[in-house]
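Participant: below: sequence and its predicted model.
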Amino acid sequence: MPAKRFDDLDFGDEAESRPDVSMEQVTLFTEATGMKVGRFLDHDAARKEGLPSAIIPGIMSQGLLTAAINAWIVDGVIESIDTIFRAPLQVDSSPTCRIVVTDRDAEARELELDLVILNEANETRVLGTARVRC
Amino acid sequence: MSLLEEGELDELRAEWVGRQFDEKEFEVSLERAQLWARACGETRPEFCDSQHQDFQVPVTFASQYTGRKAFPKELTELFWRGLPFDAGKRVESHAPIRPGEKLIGRSEIHDIYEKTGRSGSMLFIVHRMTFTGLEDELKSIVDWRMVVREKKNKSEES
């Protein structure tokens, strides 16, 4: 995803990233948060809970979107981010983070963004919005 | 069909909305902040490089913190009327949070409301945690939406 600045961006511009949601990365996240439970770290334990496999903590998916915004809009500061955890995102899968500029306020130098994380089947797992000041 | 009795929503809102029920102090860990940034794939130096002059934790870092009790007992009892799950989080950043600093997190119930969707009635309880520094300067507001979804019999599901 090529880095952009506020002056490069316009309404409707979009970017995609492919976050690493391997078990190794999720393990790091659980070490950062203390969320060391089977549903995040062990595919078999997750299946015993009725899940298809181990899943990514909701707040990690929010962190993936935050990192994608920061990588794309390099002069931006995230003022707010709101995410809906619509369906589980699986560990060791290959999701896509997609960001779309839905509003651009040139005077306030602010951007409104729509956010989504899709799985390999292009199904929405997480969606949200963010406001970024540049 | 509502998960609540008639008039119960108004009573719950009057009793809980805006009421602070918990307070806890947190120390922001440098090691945990660095692990968080690596795990989420942060690339900006202000979130990854502890020597950077503006080094700070990623903006949603405070969303991991929970108080001594996540919800008041009277509200967790509502969870068992249906299927409770974490519906989402909203984070509003007001000032950078730096590793090593101490935060005070104050918990309140920000909102309680019902919605009816295709899968039936849903009760939303919004937990708000407001984080300030020790001088009471506002740092971050984290809203956590818990939803209790109506349980359906197999025969009712389409």
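Facilitator: That came through, no problem. Residues are numbered from 1 along each chain as shown, chains lettered A, B, ... in the order given.

Participant: what about the helices in chain B?
Facilitator: According to DSSP state H, chain B carries its helices in the segments B:8-16, B:30-40, B:45-48, B:73-79.

Participant: ok, chain A next?
Facilitator: A:23-33, A:38-41, A:43-48, A:58-72.

Participant: most neighbours per residue, which of those helices?
Facilitator: helix A:58-72 (a mean of 25; mean count of other C-beta atoms under 10 Å in any protein chain shown). The way it works is simple: take the backbone N, C-alpha and C, and place the C-beta from them, glycine included.

Participant: neighbours of residue 133, how many?
Facilitator: Defaulting to chain A. By other C-beta atoms under 10 Å in any protein chain shown, the residues close to A:Arg133 number 16.

Participant: let's do chain B instead
Facilitator: By other C-beta under 10 Å, 15 other residues sit near B:Gly133.

Participant: rewinding a little: any chance of the helices of chain B in CSV, with mean neighbour count too?
Facilitator: Below are the helices of chain B laid out as CSV (neighbours: other C-beta atoms under 10 Å in any protein chain shown):
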stretch, mean neighbour count
helix B:8-16, 14
helix B:30-40, 20
helix B:45-48, 17
helix B:73-79, 14
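
Participant: nearest to chain A, of those helices?
Facilitator: helix B:30-40 (3.6 Å; C-beta to the nearest C-beta).

Participant: distance of B:Pro58 relative to chain A?
Facilitator: Relative to chain A, B:Pro58 is positioned 6 Å away (C-beta to the nearest C-beta, to the nearest Å).

Participant: how about A:Val126, nearest residue that isn't a chain neighbour?
Facilitator: A:Ile117 (4.1 Å; C-beta to C-beta, 6 or more residues apart in numbering or on different chains).

Participant: show me what the one you found is bridged to.
Facilitator: Judged by DSSP bridges, the bridge partners of A:Ile117 are A:Cys97, A:Val126.

Participant: residues contacting A:Thr66?
Facilitator: Residues counted as contacts of A:Thr66 (C-beta atoms under 8 Å, 6 or more residues apart in numbering or on different chains) are A:Ile78, A:Ile81, B:Cys40, B:Glu42, B:Pro58, B:Val59, B:Thr60.

Participant: ok, now which ones touch the first one?
Facilitator: Which is A:Ile78. With C-beta under 8 Å, 6+ apart, A:Ile78 has these contacts: A:Thr66, A:Ile69, A:Asn70, A:Ala130, A:Arg131, A:Val132, B:Val59, B:Ser93.

Participant: ok, now with 10 Å
Facilitator: A:65-66, A:69-70, A:113, A:130-133, B:58-60, B:91-93 (C-beta atoms under 10 Å, 6 or more residues apart in numbering or on different chains).

Participant: what is the strand ranked longest in chain B packed up against?
Facilitator: When chain B is parsed with DSSP state E, its longest strand is strand B:102-117. Applying 3 or more C-beta pairs under 10 Å, 6 or more residues apart in numbering or on different chains; DSSP states H and E, we find strand B:102-117 packed against helix B:8-16, strand B:20-27, helix B:73-79, strand B:120-133, strand B:138-150.

Participant: quick one, it and strand B:20-27 angle?
Facilitator: In terms of direction (axes from the mean of the first three to the mean of the last three C-alpha atoms, to 10 degrees), strand B:102-117 departs from strand B:20-27 by 130 degrees.
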